[in-house]
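Colleague: One predicted model, sequence on top.
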Amino acid sequence: MRIKEVAKVSGLSVHTLRYYEKSGLIYAIPRDSSGHRYYRDHDINWLHFINCLKSTGMPLKDIQAYAQKVGDAANQGEFLLQIMQQHKVRLENRMAETQEFLTHIDWKINHYEQLIEGQKAG
């Protein structure tokens with residue numbers, strides 16, 4: 001796929017795709033004989049994964065470090081595992097915090113429903 005098609009499919013702008021490549025978030029995308037970027041299926045999958053990490057709050061420096069090590073011939077499995085484990089802990093903590101917020105919001109909703117019912121009965 002060409003960059004405009006990838007932008008449409010991924011929801012990222014052409015500018016963002018180029019930025020990702022320049023900043024090392026994605027590896028150099030191959031080019032066709034005309035010099036245009038040509039994205040393959042696994043490139044699209046990688047973009048989706050990067051968006052997943054970004055959307056779940058992984059720091060940019062961690063995404064860049066991860067992206068650099070993934071392409072490393074030495075296959076830095078322990079390093080990659082550590083980054084993913086740390087991110088998982090951050091997400092689990094965020095989920096616990098969000099659950100606390102939801103519990104409080106549910107309490108408020110229940111309070112207002114009871115208030116309204118009391119007003120209707122009175």
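Modeller: Received it, and whenever you're ready, just let me know what you need.
Colleague: Please make it C-alpha for all contacts and neighbour counts, starting now.
Modeller: Noted.
Colleague: Spatially central residue for this structure, please.
Modeller: residue 52 (2.3 Å; Cα atoms, centre = their mean).
Colleague: tell me which element that residue is part of?
Modeller: Counting by DSSP states H and E, the element that carries residue 52 is helix 41-55.
Colleague: Give me the helices and strands touching that helix, please.
Modeller: When contacts are defined as 3 or more Cα pairs under 8 Å, 6 or more residues apart in numbering; DSSP states H and E, helix 41-55 packs onto helix 3-10, helix 60-70.
Colleague: With respect to residue 120, which of those lies nearest?
Modeller: helix 3-10 (50.0 Å; Cα to Cα).
Colleague: Can you check what angle separates that closest one from helix 41-55?
Modeller: Orientation of helix 3-10 against helix 41-55 (axes from the mean of the first three to the mean of the last three Cα atoms, to 10 degrees) gives an angle of 50 degrees.
Colleague: ok, residues contacting the following helix or strand past helix 3-10?
Modeller: For helix 3-10, the following helix or strand on the C-terminal side (DSSP H and E) is helix 14-23. Contact partners of helix 14-23, identified using Cα atoms under 8 Å, 6 or more residues apart in numbering, comprise 3-4, 7, 26-29, 64.
Colleague: Need the mean per-residue confidence for helix 14-23.
Modeller: The average pLDDT for helix 14-23 rounds to 93.
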